[in-house]
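Colleague: generate coordinates for the sequence data below:
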Amino acid sequence: QVQLVESGGGLVQPGGSLRLSCAASGFTWDHYAIGWFRQAPGKEREGISCISSTGGSTNYADSVKGRFTISRDNAKNTALLEMNSLKPEDTAVYYCAALLGNVCSLYVYDYWGQGTQVTVSS
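Modeller: Predicted coordinates for the structure are as follows:
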């Protein structure tokens, strides 16, 4: 059974940092690119970052570029999203997703996690 489980969300003050984790099981992790998405209330889901299956290529949405960093550990079947300089507009449910292949995408994915809430507020 395919599972992607996000963790690490929570409440943080503006300017603060959080690290999200995505733990996977049920599929061949290192054959899949990993993406992070978010969805704020009343807004469409936004692809914010992705990393290729080998970890050699990454991509970021302009909204998070320079503040967020994606990484993966293929030995542990996990991916991380380091989020710094957080802003209130970063408040959303954050999801990780897996896409078969080595090309990362900010759009289409095969498997999705259930999400973790990130709230940026003073």
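
Colleague: ok, the residue sitting nearest the centre point of the chain - contacts?
Modeller: Nearest to the geometric centre of the chain sits Trp36, at 2.5 Å (CA atoms, centre = their mean). Residues near Trp36 by CB atoms under 8 Å, 6 or more residues apart in numbering: 20, 22, 47-50, 68, 70, 79, 81, 94-97. C-betas here are computed from N, CA, C, even on glycine.

Colleague: which of those fall in strands?
Modeller: When DSSP state E defines the strands, the subset of the contacts of Trp36 inside them is 20, 22, 47-50, 68, 70, 79, 81, 94-97.

Colleague: and those, which two are furthest apart?
Modeller: Farthest pair in the ones in strands among the contacts of Trp36 (CB to CB) is Phe68 and Ala97. Separation: 15.5 Å.

Colleague: circling back to that earlier point, for the residue nearest to the centre of the chain, phi and psi?
Modeller: phi -120, psi 130 (degrees, to the nearest 10).

Colleague: and Asp90, by the same measure?
Modeller: phi -80, psi -10.

Colleague: I'd say it and Leu81 touch.
Modeller: No. Using CB atoms under 8 Å, Asp90 is not in contact with Leu81, being 11.2 Å away.

Colleague: helices along this structure, start to end?
Modeller: Counting by DSSP state H, the chain forms no helices at all.

Colleague: so where is it shaky, pLDDT-wise?
Modeller: Along the chain, segments meeting pLDDT under 70 are nowhere present.

Colleague: which stretches of it form strands?
Modeller: 3-7, 10-12, 18-25, 32-39, 46-51, 58-60, 68-73, 78-83, 92-100, 111-112, 116-120.

Colleague: hey, which of those is tucked in deepest?
Modeller: strand 32-39 (a mean of 24; mean count of other CB atoms under 10 Å).

Colleague: how far off strand 3-7 does that strand point, in degrees?
Modeller: 50 degrees (axes from the mean of the first three to the mean of the last three CA atoms, to 10 degrees).

Colleague: tilt between strand 32-39 and strand 92-100?
Modeller: 160 degrees.

Colleague: starting at the chain centroid, how far to strand 32-39?
Modeller: Here strand 32-39 shows a centroid-to-chain-centroid distance of 5 Å under the convention CA atoms, centre = their mean, to the nearest Å.
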